[in-house]
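S.K.: A structural model of the following input is requested.
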Amino acid sequence: MEKQYQITEREPRHFSGRTAVLASIAGVVIGGPLLALMGISFLATVTLLLVASPLFLIFSPVLFGAACVLALAVIGFVAAGAMAVAGVSAVAWVVRLFTSRIAVQSNGGAGGVSDKLIEGRDEEEVGKDWAGYIQQNPHENVLINRG
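M.R.: Okay, here's the model as predicted:
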């Protein structure tokens, strides 16, 4: 069973004159002190700004130096934190490397750190490779400054 809902327009509510007067009085009673506090706060802010402006001009070299020292101190703390994170991650990497090496060796299998090293090619082989490259592409290997 479906319920059908009709959208009906409500008539606007009409307030009596007495309700409007009471609402206005309540608004003045609540809003008046808030408006007065806002004015006092604004007046105090402007007064302090007028008093502090000449002091800022007089002490600006000291304030600028203090701001620079504070900025350098913050940069130092950030750098120290970054180095601490890098150090902890390096120590964790080494610990993880050695624990995996111990685990592999305890299992009896090869594949430790020393087995992961790739044997480098001899210098003679590298020299032969370069010699072959130079012989194949002589026009690209022009030395401008020999001296």
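S.K.: And stretch 58-71, what's buried?
M.R.: By neighbour count with 16 or more other CB atoms under 10 Å, stretch 58-71 contains no buried residues. Any C-beta I mention is one placed from the backbone N, CA and C, and that applies to glycine too.
S.K.: Number of residues surrounding S100?
M.R.: The number of residues packed around S100, counting by other CB atoms under 10 Å, is 13.
S.K.: What of V91?
M.R.: The local packing count at V91 equals 10, with neighbours defined by other CB under 10 Å.
S.K.: give the contact list for it.
M.R.: In this structure, V91 makes contact with no residue, judged by CB atoms under 8 Å, 6 or more residues apart in numbering.
S.K.: And it, what's its pLDDT?
M.R.: Note on V91: pLDDT of 93.
S.K.: ok, it to I30 distance?
M.R.: V91 sits 63 Å away from I30, going by CB to CB, to the nearest Å.
S.K.: Then S53?
M.R.: Looking at S53 against I30, where the rule is CB to CB, the gap reads 36 Å.
S.K.: for the protein, where's the lowest mean pLDDT among helices and strands?
M.R.: helix 123-136 (a mean of 65; mean pLDDT, DSSP states H and E).
S.K.: where do the strands sit along this protein?
M.R.: Applying DSSP state E to the chain gives no strands.
S.K.: What's the biggest helix in this protein, counting residues?
M.R.: helix 60-106 (DSSP state H).
S.K.: ok, now how distant is T47 from A23?
M.R.: Taken as CB to CB, the spacing of T47 relative to A23 amounts to 36 Å.
S.K.: and L34, how many neighbours?
M.R.: Counted with other CB under 10 Å, the burial measure for L34 works out to 9 neighbours.
S.K.: roughly how far apart are A79 and V85?
M.R.: For A79, the distance to V85 - CB to CB - is 11 Å.
S.K.: any weak-confidence spans in this protein?
M.R.: Judged by pLDDT under 70, the chain has its weakly predicted residues at 1-12, 103-135, 137-147.
S.K.: Could you chop it up by domain?
M.R.: Dividing the chain into domains by automatic domain parsing, as the record does, gives the ranges 27-58, 62-111.
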